[in-house]
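> What would the 3D arrangement of this be:
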Amino acid sequence: MASPTRDTPARPARVKQKRGEGQWALGYREPLNPNERSKKDDNPLNVRARIENIYAHRGFDAIDPGDLRGRFRWFGLYTQRKPGIDGGRTATLEPEELDDRYFMLRVRLDGGALTTEQLAVLGEISQTHARGTADITDRQNIQYHWIQIEDVPTIWDKLEKSGMTTMEACGDSPRVILGSPVAGIAADEVIDGTPAIDEIKRRYIGDPAYSNLPRKFKTAISGQSDVAHEIHDIAFVGVNHPEHGPGFDLWVGGGLSTNPMIGQRLGAWVPRDEIPDVWEGVISLFRDYGYRRLRARARIKFLVKDWGAEKFRQVLQDEYLKRELIDGPAPETPAAPIDHVGVHPQVDGKFYVGAAPIAGRVSGDTLVAVAEAAERAGSNRVRLTPQQKLVVLDVPEAQVPALQAALVELGLDSNPSPWRRGVMACTGLEFCKLAIVETKARAQQLVTDLEKSLADIQAELDTPVSVHLNGCPNSCARIQTADIGLKGQIVTDADGNQVEGFQVHLGGGLGLDAGFGRKLRGHKVTAAELTGYVERVVRAYVTGREPGERFPQWAARAEESVLQ
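Sure thing, here's the model as predicted:
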């Protein structure tokens, strides 16, 4: 073919059409992946009736696969990992090969709020139906294992008679709302967010209009910076407006997993009684404009990243709220992470006592005993924290020592070592089908070892060095925002063997140090080397830091050779 001349103009380059992302608001209503088809076929909230009327009577073998590995999640149910399958086979087996005939069951406890009567019920359910298992998660839930489908209606009945639920504890839905464990009683709280949490639950949880989202939707509401607001889909953080007084600063688009992002401020001040309306506007925007083509890009953080905060706010105002939001200031950043461990005064003259189980692992017996100990101390309110801790509220000063002693006997220390205080871990290989390595037992052993090997420098740590262990890349234990974050994977040891190990993230944080940990190029640590590695890095920090220098600051500037 002759080349183009002045008489034969060049053919214009073909413009590649951008592929649709499955956004309902733009007309892409057809399901684009199996998850979307499943939700279109049947609203996941309808699965409850089948559990109660069919599966609980006919047993595990009667469960439809679409319910088992999909819709069950809307009521907090996941099959747990079949015992004996090592982490190296996690990605090679089909779901049915990984499934055990037992379930993990997650109880949603918005704000982590419990009465002692409710705590005792949670303990009894563990004792009767879950082989004594009960973990406090970093989303203020209680998580059981070894649940049989035949027992689920009975468990629901016990929970609901006590004012608790598993509804939308999982799934592509508005999951549990994080709230300050000390809402309404903390001296440094700007404003109590509890009424907003309660109203969102009352209006929207279980509403079919919000039960088919592109992916999960995580909310945090607190009058102070104690709920990891920077890594939520939506967060409301207490702030004083110079003209309007106490209210909340609005954040959207945070999240971790394999594409971590810090949430963005929309620059909007929201009064407490308007939070439910604004929350409903944001979740509706996510439902309508969120990406549904690829599951890996279906979180709201990708939409916020692509649009930017300014466009997101404008669409929220124009299409959903039908009004302008009030501009407002940023919240104050706390000088140190807030975990509520220890003994602290309340605004009413009483005290709250925060104690640390190791990586959230407790038991049914422990929960019942804590309820009894709290009541003996004159309290009937307990809270779970976003750091896998437990707090007893409303304790008269004279009763504090006796309560502390009772908690220590239960493995819940209110004056813990930095390692017990700073460790978090996900479910791990023991029960999770996504996990590659064991985490809970390893966290227990790591804490025990570090309490011995680093006892000589413990007093020199101004704040605990947080160590978070995750069994896979999904970051349920927030590895990217830990001082020392450990992402489980199979690694090669010195003898060439494939063994459990971790990729290391160093110097992540929230608050003053909001950002993601530094990954050392190619550096992996085997599970067997873990205690020695953590000890070596912490000693290097204590030796090499400048006066007042926090671990993330030091880790950002330290030579790689010091960090390996």
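> in terms of contact, does W269 touch E243 like I think?
No. If you go by C-beta atoms under 8 Å, W269 and E243 don't touch, sitting 9.1 Å apart. In short, each C-beta sits where N, CA and C put it, glycine included.
> And the two? Which one has more around it.
The neighbour comparison of W269 against E243 (other C-beta atoms under 10 Å) goes to W269, with 23 against 7.
> Stretch 112-119: end-to-end distance?
When the termini of stretch 112-119 are compared using C-alpha to C-alpha, to the nearest Å, they are 11 Å apart.
> Could you pull up the mean pLDDT of that stretch?
Averaged across stretch 112-119, the pLDDT comes to 98.
> Show me what counts as buried in it.
Buried residues in stretch 112-119, counting neighbours by 16 or more other C-beta atoms under 10 Å, are found at G112, A113, L114, T115, T116, Q118, L119.
> Turn the residues you listed into a markdown table, including secondary structure and distance to L68.
Listed next are the buried residues of stretch 112-119 as a markdown table, based on DSSP: H, G, I helix; E, B strand; the rest coil; distance: C-beta to C-beta, whole Å:
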| residue | secondary structure | distance to L68 |
| --- | --- | --- |
| G112 | helix | 29 |
| A113 | strand | 31 |
| L114 | strand | 30 |
| T115 | strand | 34 |
| T116 | helix | 35 |
| Q118 | helix | 29 |
| L119 | helix | 30 |
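> now the residue nearest in space to the middle of the chain: how far from V107?
Residue closest to the average C-alpha location in the chain (C-alpha atoms, centre = their mean): R139, at 4.4 Å. Between R139 and V107 the distance is 11 Å, computed by C-beta to C-beta, to the nearest Å.
> With L316 instead?
According to C-beta to C-beta, L316 stands 32 Å off from V107.
> same check, this time on A359
Using C-beta to C-beta, we find A359 at a distance of 18 Å from V107.
> With T128 instead?
To V107, T128 is 14 Å away according to C-beta to C-beta.
> Quick check: closest non-adjacent residue to Q387.
Nearest in space to Q387, with sequence neighbours left out and distances taken as C-beta to C-beta, 6 or more residues apart in numbering, is D339 at 4.7 Å.
> can I assume the one you found is in contact with Q388?
No. The pair D339 / Q388 is not scored as a contact, 9.5 Å apart, by C-beta under 8 Å.
> more neighbours, these two?
The residue with more neighbours, out of D339 and Q388, is Q388; 25 against 21, by other C-beta under 10 Å.
> Now do the contacts for that one.
Going by C-beta atoms under 8 Å, 6 or more residues apart in numbering, Q388 touches D135, I136, T137, D138, P357, A359, G360, M424.
> Against Q317, how distant is the first one?
This means D135. From D135 across to Q317, the span is 41 Å (C-beta to C-beta).
> Give me the more crowded residue out of these two.
Shown here are D135 and Q317; by other C-beta under 10 Å, D135 has more neighbours (25 against 16).
> Now do the same for that one: helix, strand or coil?
Using DSSP: H, G, I helix; E, B strand; the rest coil, the structure places D135 in strand.
> Would you agree it is in contact with I142?
Yes. Using C-beta under 8 Å, D135 makes contact with I142 at a distance of 7.2 Å.
> residues in contact with the helix or strand Y541 falls within?
Per DSSP states H and E, Y541 falls inside helix 530-544. Outside helix 530-544, the residues that touch it by C-beta under 8 Å, 6+ apart are 442, 445-446, 449-450, 453-454, 457, 460-461, 465, 467, 484, 486, 502, 504, 506, 525, 551, 554-555, 558, 562-563.
> For that helix, buried residues please.
L530, T531, Y533, V534, E535, V537, V538, A540, Y541, V542.
> nearest to D99, of these?
Distance to D99, by C-beta to C-beta, is smallest for L530 among the buried residues of helix 530-544, at 29.6 Å.
> And the helices in the stretch 401-550 of the chain?
Here the stretch 401-550 of the chain has its helices, by DSSP state H, counting those that start in this stretch, at 418-422, 440-453, 530-544.
> To clarify, my last question referred to the stretch 1-150 of the chain.
Counting by DSSP H, counting those that start in this stretch, the helices of the stretch 1-150 of the chain are 34-41, 47-50, 56-58, 65-68, 95-98, 116-129.
> which of the ones you listed is buried the deepest?
helix 116-129 (a mean of 21; mean count of other C-beta atoms under 10 Å).
> What helices and strands are in contact with it?
If you count contacts as 3 or more C-beta pairs under 8 Å, 6 or more residues apart in numbering; DSSP states H and E, helix 116-129 packs onto strand 133-136, strand 142-147, helix 152-161, helix 364-376, strand 381-384.
> isn't L316 right up against G281?
Yes. Between L316 and G281 there is a contact at 5.4 Å, judged by C-beta under 8 Å.
> Let me know the angle separating the helix or strand bottoming out on mean pLDDT in the chain from helix 530-544.
Sorting the helices and strands of the chain by mean pLDDT, DSSP states H and E puts strand 518-526 at the bottom, at a mean of 86. Orientation of strand 518-526 against helix 530-544 (axes from the mean of the first three to the mean of the last three C-alpha atoms, to 10 degrees) gives an angle of 140 degrees.
> can you list contacts of strand 518-526?
Counting by C-beta under 8 Å, 6+ apart, 486, 489, 491-493, 499-507, 533, 555-556, 560, 563-564 sit against strand 518-526.
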